[in-house]
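Asker: Requesting a structural model of the entry that follows:
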Amino acid sequence: MEKERIVGIDLGTTKSVISIMEGSKPEVITNAEGERVTPSVVSFTEQSERLVGTLAKRRAVTHPEQTISEIKRKMGTDYRVQIKTEQGLKQYSPEEISSMILSKLKKDAEDKLGFKIKKAVITVPAYFNQQQRQATKDAGKIAGLEVERIINEPTAASLAYGLDKQKDQTILVYDLGGGTFDVSILDIGEGVFEVVATSGDTFLGGKDYDQRVVDWLAQEFKDESGIDLTKDLAALQRLKEAAETAKKELSYKQETVINLPYIAADAKGPKHLERKLSKTKFIALTDDFSKRTMQIVEQALRDAKLTPKDIDQVVMVGGSTRMPRIQELVTEIFPAKINKEINPDEVVSLGAAIQGAVLAGEVDQIVLLDVTPLTLSIETLGGIATPIIDRNTTVPCEKTKTFTTAEDGQTQVDIHITQGERKLTRDNKSLGRFQLTGIAPAPRGIPQVDVSFSIDADGILHVTAKDKATGKSASIVIKEQSRLGDEELKRMQQDAERYADEDKKRVEEIETRNQADQLVYQMEKTLREIGEKVNASLRDKVQSKVSALKEKLQSNASAAEIRQAMEDLKQASLEIGQQMYQQPEQSTTGAGPDASSPQSESKTDGKSEYIDAEYEKKEK
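Answerer: Numbers count the residues shown, from 1 in each chain. This is a model prediction of the structure:
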């Protein structure tokens, strides 16, 4: 039995990529537009039809209120997108919008590969929490994908980088994408990829750099004209696109000109925006972001107990790493260590495809040892979050700590599990709670309760509390619980399927019309060619069916109505053959019964009798 293929998907803030393992190498799968990268943008028309990718991004300028981008930053929250349609206001969750992006990637890849895609590995920022990771899984499920594994983006990048590297080395992955920043340090050697430390910021990315330029342009224009462009959605979208273009141009230019004619108007007439932006000015506007990334790099080095000299290579990931200032700051800390072999836009997806191939059994001799990104704790007296498993601990892992009672005669303890780096429980994410009862009464501080945390390879946390004196224990298994209820998740899946059905119906309608048009052409040609070989009444009958079908094609008839008209025409056309192949030709040639004769059905009957006869033989 052929192994089921698993694709790798980089579901990015600004753009997404899908890849698959081909032989010994991962390959990017181009989309329907022939592009290797798909913009993570969704737009809705007034008729509630949706556009995804490049078409949606183009529509953002003319219909900004109906276009959604950067939805990844809202994953794991209760945020809802509101879209106006002919039916009224409709709301979409971040998972639903993300599933639309995944659906396009899936559909385009299926068309290219020629087979159905059911399973995927999807990447997330290393600093995504449990809710954000589960939201990503839910998005995959809505899109009809079995998400085999959620892996960290820097870890995926390291897989792509180190697939054919034989030498043992320590690498640092610097991942500055459109919406998030991550840094991970890994030890690579003999097929083992071990994450030593990870750190990051899920609200720091290329779009923040763009926003600084947008804010600067808007303020400059307001100072000059008194008009606030941020209040005009269409003008604001033009500013965003101009800022992104300027940022890219300053990667190879010292200065660029931002020119936006007819950006606004007042009583005196139309207003135009034109500003020069130098590389120096751009750095002045955004350098706090760039320096912030280096602070996070230094934090990861401290967590790993390493110095810059211990790093052999720096792998740059994400389109924003092309900014010269970023390259300059990284080079200052890691001279001559930047690796430029891999396309920063594609490396994460390629690594996810490798992980998919590992899970599918296509690739062996690769072991991926990742880490838990956030500290796991229990609540102790006074609401303190007491760590059991520290962040950057390699998983799978197991840790045990011993606790005691806070009151005399206490016979039960509450175990409250949290996730996060804050010192107080209330400031961290609550994962679950349970009680251990039956502890022998004793003065406070005497009982001893062992609390064990165990994380398996799939990221599932098992917590057990056991009283040493009585041997009594209690436990809880904390999976990544979905934020969406079963009913809501089911509805979203049905909506996704409905859109798939609508697409299928649209294709079927086009194909039906094409077939009907071909049938009309063929029958009109046949009627001209047969002339007087059939009687006039039959010719008129067939011609009337042809005319009826043509009328259906010219009207807004449904595909079902067109198919019925086609069937009527086909049935009428059969009589032409019957008239043209009448006796005596049939009788003189000794031909068998025609296709409409009841005798022809004996083949089916004979087959049934044969099956019955075989059954009787077996019974005997």
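Asker: ranges for the strands of the stretch 201-350 of the chain?
Answerer: Counting by DSSP state E, counting those that start in this stretch, one finds strands in the stretch 201-350 of the chain at the ranges 255-266, 269-278, 313-317, 338-339.
Asker: Can you check what pLDDT the model gives the nearest residue to residue 318 once chain neighbours are set aside?
Answerer: Closest residue to residue 318 apart from its sequence neighbours, by C-beta to C-beta, 6 or more residues apart in numbering: residue 177 at 3.9 Å. In this view, the C-beta of every residue, glycine as well, is placed from N, C-alpha and C. pLDDT recorded at residue 177 is 90.
Asker: What number of residues are in the vicinity of residue 177?
Answerer: Residues near residue 177, counting by other C-beta atoms under 10 Å, number 27.
Asker: coming back round to it: mean neighbour count and distance to residue 114 added to the strands of the stretch 201-350 of the chain, as a markdown table?
Answerer: Below are the strands of the stretch 201-350 of the chain laid out as a markdown table (neighbours: other C-beta atoms under 10 Å; distance: least, C-beta to C-beta, whole Å):
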| stretch | mean neighbour count | distance to residue 114 |
| --- | --- | --- |
| strand 255-266 | 15 | 44 |
| strand 269-278 | 14 | 47 |
| strand 313-317 | 24 | 30 |
| strand 338-339 | 14 | 35 |
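Asker: Tell me which of the ones you listed lies nearest to residue 34.
Answerer: strand 313-317 (24.0 Å; C-beta to C-beta).
Asker: For that closest one, name the packing helices and strands.
Answerer: Packing partners of strand 313-317 (3 or more C-beta pairs under 8 Å, 6 or more residues apart in numbering; DSSP states H and E): helix 153-162, strand 169-176, helix 324-333, strand 338-339, helix 347-360.
Asker: Relative to residue 212, which of those is closest?
Answerer: Here helix 324-333 is closest among these (C-beta to C-beta), at 12.7 Å.
Asker: Could I have the CA atoms of the closest one written out in CSV?
Answerer: Output of helix 324-333 as CSV, limited to C-alpha atoms (Å, rounded to 0.1, in the frame of the first residue of the first chain):
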residue,chain,number,x,y,z
PRO,A,324,20.1,46.0,5.4
ARG,A,325,19.9,47.3,9.0
ILE,A,326,18.9,43.8,10.2
GLN,A,327,21.9,42.2,8.3
GLU,A,328,24.2,44.9,9.8
LEU,A,329,23.0,44.3,13.4
VAL,A,330,23.3,40.5,13.1
THR,A,331,26.7,40.8,11.5
GLU,A,332,27.9,43.0,14.4
ILE,A,333,27.2,40.2,16.9
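Asker: Mind giving me the packing neighbours of it?
Answerer: helix 279-304, strand 313-317, strand 338-339.
Asker: Now with 10 Å, please.
Answerer: Helix 324-333 sits against strand 169-176, helix 279-304, strand 313-317, strand 338-339, with contacts defined as 3 or more C-beta pairs under 10 Å, 6 or more residues apart in numbering; DSSP states H and E.
Asker: Any chance of a markdown table for those, columns distance to residue 537?
Answerer: Formatted as a markdown table, the helices and strands packed on helix 324-333 follow (distance: least, C-beta to C-beta, whole Å):
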| stretch | distance to residue 537 |
| --- | --- |
| strand 169-176 | 78 |
| helix 279-304 | 83 |
| strand 313-317 | 76 |
| strand 338-339 | 82 |
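Asker: Out of the ones you listed, flag the one nearest residue 196.
Answerer: Residue 196 lies closest, by C-beta to C-beta, to one member of those: helix 279-304, at 4.4 Å.
Asker: what is the mean pLDDT for that closest one?
Answerer: pLDDT averaged over helix 279-304 gives 94.
Asker: Which positions in that helix come out as buried?
Answerer: Within helix 279-304, the residues scored as buried using 16 or more other C-beta atoms under 10 Å are 279, 282, 285-286, 289-290, 293-294, 296-297, 300-301, 303-304.
Asker: In TSV: the strands of the stretch 201-350 of the chain, plus distance to residue 526.
Answerer: As requested, the strands of the stretch 201-350 of the chain are arranged in TSV below (distance: least, C-beta to C-beta, whole Å):
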stretch	distance to residue 526
strand 255-266	59
strand 269-278	63
strand 313-317	64
strand 338-339	69
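Asker: what's the closest of those to residue 71?
Answerer: That would be strand 313-317 among the strands of the stretch 201-350 of the chain, by C-beta to C-beta, at 20.6 Å.
Asker: quick one: strands adjacent to that closest one?
Answerer: Its sheet considered, strand 313-317 pairs with strand 169-176 (parallel), strand 338-339 (parallel) by DSSP bridges.
Asker: Which residues are in contact with the residue nearest to residue 318?
Answerer: 10, 12-15, 72, 125, 153, 204-207, 317-321, 344-345, 348 (C-beta atoms under 10 Å, 6 or more residues apart in numbering).
Asker: Compute the distance between it and residue 344, please.
Answerer: With distances taken as C-beta to C-beta, to the nearest Å, residue 177 is found 9 Å from residue 344.
Asker: Any chance you could list residues touching both of the two?
Answerer: By the contact definition C-beta under 10 Å, 6+ apart, residue 177 and residue 344 are jointly contacted by 317-321.
Asker: What ranges does this structure have for its helices?
Answerer: 54-59, 94-113, 130-142, 153-162, 206-225, 233-249, 279-304, 324-333, 347-360, 486-530, 536-554, 559-580, 585-589, 602-619 (DSSP state H).
Asker: Please point out the stretch among those with the lowest average pLDDT.
Answerer: Lowest mean pLDDT within the helices of the chain: helix 602-619, a mean of 34.
Asker: Could you double-check that residue 541 sits in contact with residue 572?
Answerer: Yes: using C-beta atoms under 10 Å, residue 541 is in contact with residue 572, at 5.6 Å.
Asker: so who does residue 380 touch?
Answerer: Residue 380 makes contact with 386, 403, 406, 416, 425 under the criterion C-beta under 10 Å, 6+ apart.
Asker: Give the bridge partners for it, please.
Answerer: Under the criterion used (DSSP bridges), residue 380 bridges to residue 384.
Asker: okay, the helices and strands packed on strand 313-317 in a markdown table with distance to residue 139 next?
Answerer: Formatted as a markdown table, the helices and strands packed on strand 313-317 follow (distance: least, C-beta to C-beta, whole Å):
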| stretch | distance to residue 139 |
| --- | --- |
| helix 153-162 | 16 |
| strand 169-176 | 20 |
| helix 324-333 | 29 |
| strand 338-339 | 31 |
| helix 347-360 | 15 |
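Asker: of the ones you listed, which approaches residue 218 most closely?
Answerer: It's helix 324-333; of the helices and strands packed on strand 313-317, that one is closest to residue 218 (C-beta to C-beta) at 22.7 Å.
Asker: Name the residues of that closest one that are buried.
Answerer: Neighbour-count burial for helix 324-333 flags 325-326, 329-330, 333 (criterion: 16+ other C-beta under 10 Å).
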